[in-house]
Each structure stands twice: as C-alpha cells, then as structure tokens.
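Engineer: Sequence first, then the predicted structure, then my questions.
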Amino acid sequence: MIKKASIAIKADFLHFLSESEMVYIPQGMLWIENGKVKMIGLEAEVTPHLPKSLEIKDYTGKIIFPGFIDGHVHAVQTQAIASYGKQLLDWLETYTFPLEQKFENEDFARHSIRFFLNQLLKNGTTTAAIFPSRHPEATAILFEEALALNMRILAGKTNMDRNAPAALCDDTKLTYSDNQQLIEKYHNIGRLNYAITPRFAITSSEEQLEALGELKKTYPKMTVQTHVSESKQEVESVKKLFPKAKNYLDVYDGYGYLGKGSLMAHGIYFEEEAWKRLSETQTSIVHCPSSNLFLGSGLFNMQKCRDYNIPLALGSDVGGGSSFSMFKTAAEAYKVASLQNIEFTARNAFYLLTLGAAKALNQDAFIGNFEIGKEADFVVIEAEATELMQERLSVSNTIDELLFVLIMLGDERNIQSVYLQGEEVKK
Ligand code: GUN
Ligand code: ZN
C-alpha cells in the first residue's frame, strides 16, 4: 500500500513558478495533505491554518527543493559507469551490450535495478526518464520496484533488433505486442508512465521503428524517448542506414515520434532544420553533459534551445555519464556552457532540475514545484555537508551564490533527506 502523508515541514524553501520566477521562502512552512501540497508560505502565515494534531517536522536552517528530475538515465548500466577509454559506439559494444545481456537473469535484474533506484533517491532524484534493457521481464521489475517505492518515473522496454549481439535483439514481430502488454499492465498505475523507447536509429530496423510508430498512434500522448545526434561517428552511420532521411532527426520524425513530451537525448550535431522542427513540434531535448564529456561526444549548444524555445531537461545518462548526482550533472552543464561562452546561472540550473524538467517530461501538472495540489516530492539539503563547503559558504552572501556553490561542490552528501508524496524515504 502506497503511503501518502499528511504532515507539515518547517524549513527554508526554494522553487520556481516559471523560468524567470524563483521563489525563496526563508523560515517557511509546507503543509502536505494526502501526499499533496495544501499550502506553502512563511511559517507565521501557514501555522495558524494547520490542524492541531498535525505532525510538524522541523528542518530549521535546511533548504528544501522540489525533488530533482533526471531526464535521461539507464537502469541497466550501473556496472558500466567509469569504464575506460572508448567513445560512444565502441563503448556500447565493449561495455554496455555485454552488461545489458545480464538482465535476462531476473535475480540479477532485480538486484541491479533496486541498487539503481536507490542511487537515484540517495541523490535527491525523485523522478526520472529511464531506459531499462530490451527484456520485458527486466522492464516489469523496474516498474514493480518503482511502484513499491512510489516514484514517479517514465520508462519503457528498450527496443533494438539489429547491430547488437543476438541476445540483445528483439524478435521484431513481437515489438508491438511486447510493448503493448507492458503498457496495459503498468502505464498510469501509481505514478508509473510508459515511454516508447527505441534505443536509437542504428539498433532498430525500419520494421521495428514502424511498429513503434504504430504504437505511438495508438497512444498519441505517450512519451517517446531515444538518443539522437550524440556522436559524429553515430551521425555518419545513420546517414548510411537511412539515405532518404533529410537528417538524423528526420528519421524519427518520419515515424511520428516528435511532439510535446517526447525526449530526444543529446542533440549535439543538429542542423538548423532539425532545431526548427523540434521547435515546431515542441519536442524536448535532454542535455547529458557528463556523458558527452566522458564519451568525448562533443559540446551541446544550450543556447539553441533558448533561441528556438525548445523544452530542455538535464540527464545524468549513467553509465555514459559518470555520476548519479544532478548537482554534478548541472556542474558539467555549466562547464560545457562556459566553453562556448553561454550563460548558465545557478538559477538556470535549479530551474532545469525541477520545473523545467517537469515541463520537458510533460509532468508539470503533477510535479516540479510546490504549487497547491502538486505531489509533495522534495529534497532536504544540508548545504554545509563538507568542510570545503563550510569554508566556501562562510564568505557567501546571497542565495544565488549559495546555489552556485551547491551545484559546483555538491553531491549526495548534501542530500540529508528525500520525501515522496510527503513520506520520508531517505534519512
Ligand atoms: N546511444 C544508444 N545507446 C546509448 C546508450 O546506452 N548510452 C548513450 N550515451 N548513448 C546511446
Ligand atoms: Zn543514454
């Protein structure tokens, strides 16, 4: 039975009402009823409204943010994190594909997926768009474990049927039915959302991409998540495999994958035409800076999303990315932006980790900030968790400075506690 708490939380709060409206409430109070936000404001304003018997949890001096959102991560690559010396296509072949085959074993899959979800929560990530392996059974395990934790996730069996080891290739004829069975069992159960998940154009035949397009027609509002334009070698390979497509994005466009809430990870090598098409269709991009640097893929141009008004989220992309921490992911985004002379403030970062990502994942009706009625997922932050942060923050004067230090120096040690719908899951 999923627990949805009624409780009041006393702390400093920070959230966004829009990209340009950050709200900071020092000495605030958050009132949660049945797992949803009932009221938020200054302690003195909210306290008189609280029912007499309501438990009040005191986090005086701590900052509370809405739960962080990881827009792109692999549930089946934890043991491949920090694997030396390869770029994308070789990295997949050498480390990732052998590991993903192990998820055929359900005991291993359960152990590894539990470990993975635990890593998300320890890092303050309460919602994620997740790629499991190609196995329907391992995908079901991911859904069951996330449901038991009451996490809001988007996930779907990873589909692939070529250019990979035989054990990782689907029987193409089962693509539609395997996905549909999982959709019927798990989509919209608790806080689970199914996402149609072609791995990328290289590992799916046209027949499989077509079947997934049919699925999207059957479930038009469903998220499609995939990888696109991540490395030069990959882009060249897609050109050869799909000679008739105008560009890489056009391959996915041809199958009807673009649209609000669809998640295109990476997008480093887009031509102007692709940016325009993303904008027209309001398709989201997930920027995965840690992965892009680690795999030597390239530098994503975040400014394009601003210029073209394209929804954007950040993704850890573990195991290509080398940390589950969304602080560290945002720190890498800062450096990638800095290398291109693009402004990326701490406010920009925290917006992207919360409300911005909620919008990109089309989940902003439920999560992303502390608006009344939203699900009360949040992280309690101890900013001075390390000696270095204490030393640095001893000379910090503004909230923006504190936020920037958190991003540049923060990690899981700063996550004091995590709540899902008002229930504490990490102490
Ligand atoms: N492209 C296709 N598969 C993958 C993957 O597992 N990780 C990354 N980073 N890129 C991909
Ligand atoms: Zn990925």
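Structural biologist: Perfect, thanks for sending it. Ligands and ions are numbered 1, 2, ... in the order given.

Engineer: quick one: secondary structure of Asp364?
Structural biologist: coil (DSSP: H, G, I helix; E, B strand; the rest coil).

Engineer: how close does it get to Arg277?
Structural biologist: 23 Å (CB to CB, to the nearest Å). Any C-beta I mention is one placed from the backbone N, CA and C, and that applies to glycine too.

Engineer: Over to Ala201?
Structural biologist: In terms of CB to CB, Ala201 sits 15 Å off from Arg277.

Engineer: before we move on, what about Gly124?
Structural biologist: 34 Å.

Engineer: do Glu343 as well
Structural biologist: From Glu343 to Arg277 the distance is 26 Å (CB to CB).

Engineer: Over to Asp377?
Structural biologist: Distance from Asp377 to Arg277, by CB to CB: 33 Å.

Engineer: Looking at those two, which has the bigger crowd around it?
Structural biologist: Shown here are Asp377 and Arg277; by other CB atoms under 10 Å, Asp377 has more neighbours (29 against 20).

Engineer: so who does the closest residue to that one other than its chain neighbours touch?
Structural biologist: Excluding the flanking residues, the one nearest Asp377 by CB to CB, 6 or more residues apart in numbering is Gly67, at 3.6 Å. Contact partners of Gly67, counting by CB atoms under 8 Å, 6 or more residues apart in numbering, are Gly124, Thr125, Thr126, Thr127, Thr354, Ile367, Asp377, Phe378, Val379, Val418, Tyr419, Leu420.

Engineer: all helices of the stretch 251-400 of the chain, in order?
Structural biologist: Secondary structure of the stretch 251-400 of the chain (DSSP state H, counting those that start in this stretch): helices at 272-281, 289-294, 302-307, 326-339, 346-353, 355-360, 387-393, 399-409.

Engineer: Tell me the residue of this structure that sits nearest ligand 1?
Structural biologist: Gly320 (3.3 Å; CB to the nearest ligand atom).

Engineer: burial measure for Glu100, as a count.
Structural biologist: So Glu100, with other CB under 10 Å, has 27 neighbours.

Engineer: Likewise for Ala385?
Structural biologist: 18.

Engineer: Return the set of buried residues in the helix ranked longest in the chain.
Structural biologist: For the chain, the helix that runs over the most residues, judged by DSSP state H, is helix 106-122. Using 16 or more other CB atoms under 10 Å as the test for burial, helix 106-122 gives Ala109, Arg110, Ser112, Ile113, Phe116, Leu117, Gln119, Leu120, Leu121, Lys122.

Engineer: now for it, which elements pack on it?
Structural biologist: helix 136-149, strand 415-420, strand 423-426 (3 or more CB pairs under 8 Å, 6 or more residues apart in numbering; DSSP states H and E).

Engineer: Check which residues of the worst-scoring helix or strand of the chain on mean pLDDT are buried.
Structural biologist: The least trusted helix or strand in the chain, going by mean pLDDT, DSSP states H and E, turns out to be strand 423-426, with a mean of 90. Within strand 423-426, the residues scored as buried using 16+ other CB under 10 Å are Glu423, Val425, Lys426.

Engineer: what do you get for stretch 53-66?
Structural biologist: Buried residues in stretch 53-66 (16+ other CB under 10 Å): Lys57, Tyr59, Lys62, Ile63, Ile64, Phe65, Pro66.

Engineer: Show me what the strand or helix carrying the fourth one is in contact with.
Structural biologist: Secondary-structure element containing Ile63, defined by DSSP states H and E: strand 56-66. Counting contacts by CB under 8 Å, 6+ apart, the residues outside strand 56-66 that touch it are 7-15, 27, 30, 50, 124, 350, 353-355, 367-370, 377-383, 402, 416-417.

Engineer: tell me the contacts of the residue of the chain closest to ligand 1?
Structural biologist: His74, Gln77, Leu88, Trp91, Cys288, Ser290, Ser291, Phe294, Leu295.

Engineer: circling back: need the winner for burial among the helices and strands packed on helix 106-122.
Structural biologist: strand 415-420 (a mean of 22; mean count of other CB atoms under 10 Å).

Engineer: Contacts for that strand next, please.
Structural biologist: Taking contacts as CB under 8 Å, 6+ apart, the residues outside strand 415-420 that touch it are 5, 9, 59, 62, 67, 121-124, 126, 149-151, 376-382, 385, 424-427.

Engineer: Quick check: neighbours of it in the sheet, parallel or antiparallel?
Structural biologist: As defined by DSSP bridges, the strand partners of strand 415-420 come to strand 378-381 (antiparallel), strand 423-426 (antiparallel).

Engineer: So which residues on this structure come close to ligand 1?
Structural biologist: Contact residues, the chain versus ligand 1 (CB under 6 Å from any ligand atom): His74, Leu88, Leu92, Thr96, Arg199, Phe200, His227, Glu230, Ser291, Asp317, Gly320.

Engineer: Adding distance to Thr281, pLDDT and secondary structure as columns, could you present those in TSV?
Structural biologist: Output for the residues of the chain next to ligand 1, formatted as TSV (distance: CB to CB, whole Å; pLDDT from 0 to 100; DSSP: H, G, I helix; E, B strand; the rest coil):
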residue	distance to Thr281	pLDDT	secondary structure
His74	25	99	strand
Leu88	25	97	helix
Leu92	28	98	helix
Thr96	29	98	helix
Arg199	21	98	coil
Phe200	19	98	coil
His227	18	99	strand
Glu230	20	98	coil
Ser291	24	98	helix
Asp317	23	98	coil
Gly320	26	98	coil
